[in-house]
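A.B. asks: My questions concern the predicted model and sequence given below.
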Amino acid sequence: MSASYEIRDGIAVITLNNPPVNGLGYDTRRAVVDGLERAQADAAVKAVVITGAGKAFSGGADIREFGSPKATAEPNLLSLIRALELSSKPIVAAIHTVCMGGGLELALGCHYRVTAPGAQIALPEVKIGLVPGAGGTQRLPRVLGLETALNIIVSGEPVKSELLASLPGQKLFDKVIDGDLMAGALAFANEVAAAHAGGKPLPLVRDLKVTHPNPDGFIQFSRNTVKAMSKNFPAPAKCVDAVEMSIKRKFDEGMQGEREIFTSLMFTPECKALRHAFFGERAASKIPDVPDDTPQREIKQVGVIGAGTMGGGISMNFLNAGIPVTILETKQEALDRGVATIRKNYEAQVKKGKLKQDKYEQRMALLKTTLSYGDLKDADLIIEAVFEEMGVKEAVFKQLDEVAKPGAILASNTSTLDVDKIAAFTKRPQDVVGMHFFSPANVMKLLEVVRGKATGKDVLATVMSIGKKIKKTSVVSGVCDGFIGNRMIEQYSRQAGYLLDEGATPQQVDKAVEKFGFAMGPFRMGDLAGNDIGWAIRKRRAQERPGMRYSKTADLLCEMGRYGQKTQAGWYDYQAGKRDAIPSAKVEQMIADYRKEQGIAPRKISDEEIVQRLVFALVNEGAKILEEGIANKASDIDMVYLTGYGFPLHRGGPLCYADTLGLFNVVSAMKRFAANPHDDASFWQPAPLLAKLAAEGKSFS
């Protein structure tokens, strides 16, 4: 049942019923039109109330139908809204909880609107690279005025209904109903039915005029602001163009202009990338063999081992979600230092007005500290964030196996180590899982959930659910060295090193990648994370995979003691207390000496080659990860890179970007790179999956 129909007090009530948010799918649209026709034909019906069942009026388009013929099948949303406007009987939208996108456009097509307080009102289409497509850019300015409407449309952010209802001159809401919304809506519908009984015309939003004291000036100001703030995304500027039509054109011409803009944006790479990220984030929580109804374990208390940067950041996630945390350390001063850092982070938020003082105090009250493993006996989830060395992990997990209660989930924050080996240190491998947070853990959105061969399905379901609770994008990875993110970044870093060998400078590589849209280039990233971390991994690699080649420049840099920002010297020089990366003559000399020693004559390297070698290295390794089943789907890999590694959102992630370019073109470029004598020819053999998809003219998605 996608919408129900009933008559109450001479009023026809049509209730959208398409969980979870009453998306306006084909069946729902059809049912509403059928309900309208019944109401028109029934002489006993005086007016119509449209509302939504459950926890939403309507969240807009049904995302399950995106891209399918059903999404635009008649009656489409425009036809449905026109049917509302043409009704000879008054139609009242009774809005509550969520009224967004197409749901708000539907309400704007009704003759009257009443709302419960606290309803979230938004036109969020800009977030998936579009403008509203069913009259939102033409009708919202007519009820809220130019400025408020444009701010809502360009930001895509929700605004509370009572705030909008309090604006002077607003015509969005006719009434705010405290208490029982349906009772209030029925009473209001009876009032308007009586008012129109004598044939008085029904009010239509399309007939209103847009108000603003200086519309041209405001539109120009908005255009300049939007251009500066969203240079990689065309949709926000197009929102301004569409809203401008509400002033400059007749209503129907404005509607046509909105439609043309909507359709042209639908085919831009940026819109494709944003839609891919939107669906990818939702799909990441779906694990093929772990159904939605898998029983979960209750997480009421969390233990964190280690009060360093990672341990403190991890703890903050749970404190923010209202979950008590006990932090364990080996020394009291380490505990004190860790707690002081957590306090400092919260105090900075209070100072900026992002956190209320009482909330800060509530969070700190949930934090306990201990030097004894015995104090973790009641924890439902224990996460270790200790030094990245297998011997250290072994000692911790053997201790946890002794003290943790039966059914407690034991998680490792390892970024590269074998979770199956870690699980084998316990007598309960089914309870062990990887929870790889990214630094700073209280800020970064990504959580790599590493599934060991023995990890229980209930453990996986619980960790994915808790990830959502602490506001992370959780992506499942199988066990391999580096999991999804770090395994791919290693190939990216190797290419960055080869580019230095062949003639590029650190700043040229960084600038090219940052121009492409990365938050930070590979050398600035190394300096921030600490170049000694990569050095330790390369030393481990030398034992495990002696055939793996690297440029020696990164090791020479570490031998000079240049570990990055923490030593005020890395690939760049740094001044005390500042993060500005200053090109270093010493580093350039070291690279030049190394080239000479290797007999490499430096050449001029284009920015295009730099970007392609770095990004296609991610693509090729990503294809291998997909083929091996380490990642469940291509979009999971893209989500890891968008939320954990600063890959540009407007490009949709490495595999989405490869699809946009065409896999045939990617493979052709890789063949060129394989012929370079200073590169690693074996790496540039396309992964079998990539070669197969390219040969068949297919894509990752």
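C.D. replies: Received, thanks.
A.B. asks: Please name the nearest non-neighbouring residue to residue 146.
C.D. replies: Distances taken as Cβ to Cβ, 6 or more residues apart in numbering place residue 212 nearest to residue 146, at 3.9 Å, with adjacent residues excluded. C-beta coordinates here come from the backbone N, C-alpha and C atoms, glycine included.
A.B. asks: Tell me which residues touch the one you found, please.
C.D. replies: Neighbour list for residue 212: 145-147, 218, 247 [criterion: Cβ atoms under 8 Å, 6 or more residues apart in numbering].
A.B. asks: Kindly indicate whether it is helix, strand or coil.
C.D. replies: Put simply, residue 212 is coil when judged by DSSP: H, G, I helix; E, B strand; the rest coil.
A.B. asks: Count the neighbours of residue 435 for me.
C.D. replies: 24 (other Cβ atoms under 10 Å).
A.B. asks: Report the buried members of the contacts of residue 212.
C.D. replies: 145-147, 218, 247 (16 or more other Cβ atoms under 10 Å).
A.B. asks: Okay, and which of the residues you listed map to helices?
C.D. replies: 146-147, 218, 247 (DSSP state H).
A.B. asks: just the residues you listed now: which is nearest residue 392?
C.D. replies: residue 147 (57.9 Å; Cβ to Cβ).
A.B. asks: Let's see the pLDDT reported for that closest one.
C.D. replies: Looking at residue 147, its pLDDT stands at 92.
A.B. asks: The one 4 residues further on too?
C.D. replies: The model reports residue 151 with a pLDDT of 95.
A.B. asks: any idea how far it lies from residue 57?
C.D. replies: From residue 151 over to residue 57 the distance is 22 Å, taken as Cβ to Cβ, to the nearest Å.
A.B. asks: the more surrounded of those two?
C.D. replies: residue 57 (32 against 13).
A.B. asks: these two touch, right, the more buried one and residue 102?
C.D. replies: No - in this structure residue 57 lies outside contact range of residue 102 using Cβ atoms under 8 Å: 11.1 Å.
A.B. asks: Output the lowest mean pLDDT helix or strand found in the chain.
C.D. replies: Ranking every helix and strand in the chain by mean pLDDT, DSSP states H and E puts helix 531-544 at the bottom, with a mean of 82.
A.B. asks: Next, the buried residues of that helix.
C.D. replies: 531-532, 534-535, 537-538, 540.
A.B. asks: Between all of those residues, which two are at the greatest distance?
C.D. replies: For the buried residues of helix 531-544, the maximum inter-member distance is 15.3 Å, found between 531 and 540 (Cβ to Cβ).
A.B. asks: Was I right to think residue 303 contacts residue 323?
C.D. replies: No - when contacts are counted by Cβ under 8 Å, residue 303 is not listed as touching residue 323 (11.1 Å).
A.B. asks: neighbour count winner among these two?
C.D. replies: residue 303 (29 against 19).
A.B. asks: Am I right that that one falls within a strand?
C.D. replies: Yes - the assignment for residue 303 (three-state DSSP) places it in a strand.
A.B. asks: and it, what is it in contact with?
C.D. replies: Applying Cβ under 8 Å, 6+ apart, the residues near residue 303 are 325-328, 376, 379, 381-383.
A.B. asks: Can you tell me which of those is nearest residue 596?
C.D. replies: Distances from residue 596 to the contacts of residue 303, taken by Cβ to Cβ, are shortest for residue 383, at 48.3 Å.
A.B. asks: so which strand or helix has that closest one?
C.D. replies: Residue 383 is located in strand 381-384, with elements delineated by DSSP states H and E.
A.B. asks: Please report the distance of the one residue sitting closest to the centre of the chain from residue 290.
C.D. replies: When Cα atoms, centre = their mean is applied to the chain, the residue found nearest the centroid is residue 281 (6.0 Å). Distance of residue 281 to residue 290, given as Cβ to Cβ: 18 Å.
A.B. asks: for residue 177, same thing?
C.D. replies: On the measure of Cβ to Cβ, residue 177 and residue 290 end up 42 Å apart.
A.B. asks: and if you look at residue 528?
C.D. replies: Distance from residue 528 to residue 290, by Cβ to Cβ: 35 Å.
A.B. asks: Could you tell me how far the least confident helix or strand of the chain lies from the centre of the chain?
C.D. replies: Chain-centre distance of helix 531-544: 32 Å, with Cα atoms, centre = their mean, to the nearest Å.
A.B. asks: Which positions within the next helix or strand after it qualify as buried?
C.D. replies: Downstream of helix 531-544, the first helix or strand assigned by DSSP H and E is helix 553-559. By 16+ other Cβ under 10 Å, the buried positions in helix 553-559 come out as 553-555, 557-558.
A.B. asks: Show me the contact partners of helix 553-559.
C.D. replies: With Cβ under 8 Å, 6+ apart as the criterion, helix 553-559 contacts 493, 497, 500-501, 526, 531-532, 534-535, 538, 570-571, 587, 590-591, 594.
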